[in-house]
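Novice: Fold the following and give me the result.
(chains A and B)
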Amino acid sequence: MTLTVTHPTGPAPTRTELLRLIGLMTGDEKHSAAATSTLDVIRVLYDRVLHVDPATAGDPGRDRFLLSKGHGPMAHYAVLAARGFFPVEWLAGWARFDSPLGHHPDRNLVPGVEISSGSLGHGLPLAVGTALGLRAQGLDPRVVVLVGDAELDEGSNHEAIQLAAALRLDALTVVVVDNASASYTVPGRIQRRFATEGWHVETVDGHDDAALERALSRRTAGGPGVVVARVESR
Amino acid sequence: MTGPREQFARTAADLVDDDSSVALVYAEISGQFFASVAARHPDRVVNVGIREQLLVNVGAGMALTGLRPIVHTFGSFLVERAFEQVKLGFGHQDVGGVLVGAGGSFDVSGGGRTHQSPGDVALLDAVPGIQVHAPGTSREVDAVLRRAVAGSGLHYVRVVSQTNGVELPADGRLHVVRRGGRATVIACGPVLDAVLAATEGRDVSVLHAGTVRPFDVATLRAVQAGTDVVLVEPWYAGTSAHVISEALSDRPHRLLSLGVPRTEFRHYGTPQEHVVAHGLDAAGIRRSLDGFLTSAA
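Specialist: Next comes the predicted model:
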């Protein structure tokens, strides 16, 4: 099979092409919800929002994307491979002993992966530290962290939500992929929680490219922003 | 055949059914096993969501009211993530409960380091008085859980998919599985099959420890063969070395500690691939054992 691989200088990979790349990992008919629920958000981020590519992956001023919801990294792997961060051939070895690509991503093994994740509730606190570290060095790129709605159960997120607003981290954007998977989910609670702490809040359809681009491209003035991207329920 | 984790869930449900002072607190993990018992006892079977720090302190809070809580999730999150809640919520408050950690060092090898807990026993070793059990079969899971819940104090039950072919009493004691004169090999938890295969034809005694805290030092001292001791643990190598050294401090001895190396191990794959990579399969143990015994000559 010949794969169409998109490099940073070429056209953006299509959704269909990315699903095919995910299929190299999970099998053609087994695109898990954890992978596909985040696909459009990640695709739009890399295509239209973030300033990062293989050539700038080590640049201190690059935009950062942190995948905190690390239990469904296949969409991220597919996007990174399609954009040339690592060879597409790596995908077929997914989760094998000597593969750099596991069920949870390791930043030490995968070019383009900013944090090792898989244990929930670490990405947002790490993103706050990343934004603070960049600000302290006079750098001003975007820091975007993707979390799941159920992941917000973890109390560590709420410590970070409070501090990020108090420190006016306007470089920071949280994107919550909301598939209503939390056991005690309450409609609208995520938005209210962030708003209470002073975050700019926007809710969009998680599969609407234009809406995602508009919301994720907006750098909020005076403080951090959250984009709640609603997708189908798990 | 019922696997160890499903056996834990069945036994836990029985214990909640049978005794109104027993509670079960969990954090999503293993929820697929608990729907029925949760429906029967919604006040004593609580899913806290993905909130492990809360998980442990909710269990400890229930213990403060006189209940006997079973507190469960993956060991990586129960112990390595929520260690201070274990230390203070249970240990410092001086209340008891039964912590049950699933996954261990190898079960979720495909998930990488985030879901592996080779450090759980070493961490819990820092909680005074805790009893740590590593059952090697589903029946041992059942027996040790019943004993821990019926008992007092704080217990940790390490439930993993790796099992032994030999069934031994879950009575907290060391058991002599094979007798020899040249050395003593101690198999902790579900590494016994590999140890027995590795020591086949060697003149060594093989002991098995299903409970590692407290460690049955009296039996070790009574049955020790030779001066060489080999400790095989399916968690961080040397976790129990200080216990063995203390127990034999008045005797000349040498100790070889085998287990999971204290390094970042950046591989995925299967549990068995990890076991082999750490030299904890029969061939690896035999290599280490032979090298150790030869070096003493």
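
Novice: what about chain A, any weak spots by pLDDT?
Specialist: Counting by pLDDT under 70, the low-confidence segments of chain A come to A:1-10, A:28-31.

Novice: For it, which residues are neighbours of chain B?
Specialist: A:70, A:95-99, A:101-104, A:106, A:108-109, A:116-121, A:150-151, A:153-155, A:182-184 (C-beta under 8 Å from any C-beta of the partner chain). (Each C-beta comes from the backbone N, C-alpha and C, glycine too.)

Novice: among those, which ones are buried?
Specialist: When burial is judged by neighbour count using 16 or more other C-beta atoms under 10 Å in any protein chain shown, the buried members of the residues of chain A next to chain B are A:70, A:95-97, A:99, A:101-104, A:106, A:109, A:116-121, A:150-151, A:153-154, A:182.

Novice: B:Gly111 and A:Asp106 touch, don't they?
Specialist: No: between B:Gly111 and A:Asp106 no contact is recorded; they are 10.7 Å apart, counting by C-beta atoms under 8 Å.

Novice: can you tell me the helix or strand for B:Lys245?
Specialist: Wrong residue type there; residue B:245 is Ser, not Lys. Taking DSSP states H and E as the definition, B:Ser245 sits inside helix B:241-247.

Novice: Quick one: mean pLDDT for that helix?
Specialist: Confidence over helix B:241-247 (mean pLDDT, whole number) is 98.

Novice: Identify the residues contacting that helix?
Specialist: Contacting residues not belonging to helix B:241-247 are listed as B:Ile186, B:Val212, B:Phe215, B:Val217, B:Leu220, B:Arg221, B:Val229, B:Leu231, B:Leu255, B:Ser257 [C-beta atoms under 8 Å, 6 or more residues apart in numbering or on different chains].

Novice: what about the third one, which SS state?
Specialist: B:Phe215 falls in the coil class when you classify it by DSSP: H, G, I helix; E, B strand; the rest coil.

Novice: Out of the buried ones among the residues of chain A next to chain B, list just those in strands.
Specialist: Counting by DSSP state E, none of the members of these fall within strands.

Novice: Next secondary structure after the helix holding B:Ser245?
Specialist: Read in the C-terminal direction, the helix or strand following helix B:241-247 is strand B:254-260, with elements assigned using DSSP H and E.

Novice: among the contacts of helix B:241-247, which ones are buried?
Specialist: The neighbour-count test (16+ other C-beta under 10 Å) applied to those identifies B:Ile186, B:Val212, B:Phe215, B:Leu220, B:Val229, B:Leu231, B:Leu255, B:Ser257 as buried.

Novice: Format these as JSON lines; extra columns: distance to chain A.
Specialist: Output for the buried ones among the contacts of helix B:241-247, formatted as JSON lines (distance: C-beta to the nearest C-beta, whole Å):
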{"residue": "B:Ile186", "distance to chain A": "29"}
{"residue": "B:Val212", "distance to chain A": "25"}
{"residue": "B:Phe215", "distance to chain A": "30"}
{"residue": "B:Leu220", "distance to chain A": "36"}
{"residue": "B:Val229", "distance to chain A": "32"}
{"residue": "B:Leu231", "distance to chain A": "26"}
{"residue": "B:Leu255", "distance to chain A": "31"}
{"residue": "B:Ser257", "distance to chain A": "25"}
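
Novice: and which of those is nearest B:Tyr156?
Specialist: Relative to B:Tyr156, the closest of the buried ones among the contacts of helix B:241-247 is B:Val212; by C-beta to C-beta it sits at 9.7 Å.

Novice: list the contacts for that closest one?
Specialist: B:Val121, B:Val132, B:His133, B:Ala134, B:Cys188, B:Gly189, B:Glu233, B:Thr239, B:Ser240, B:Val243.
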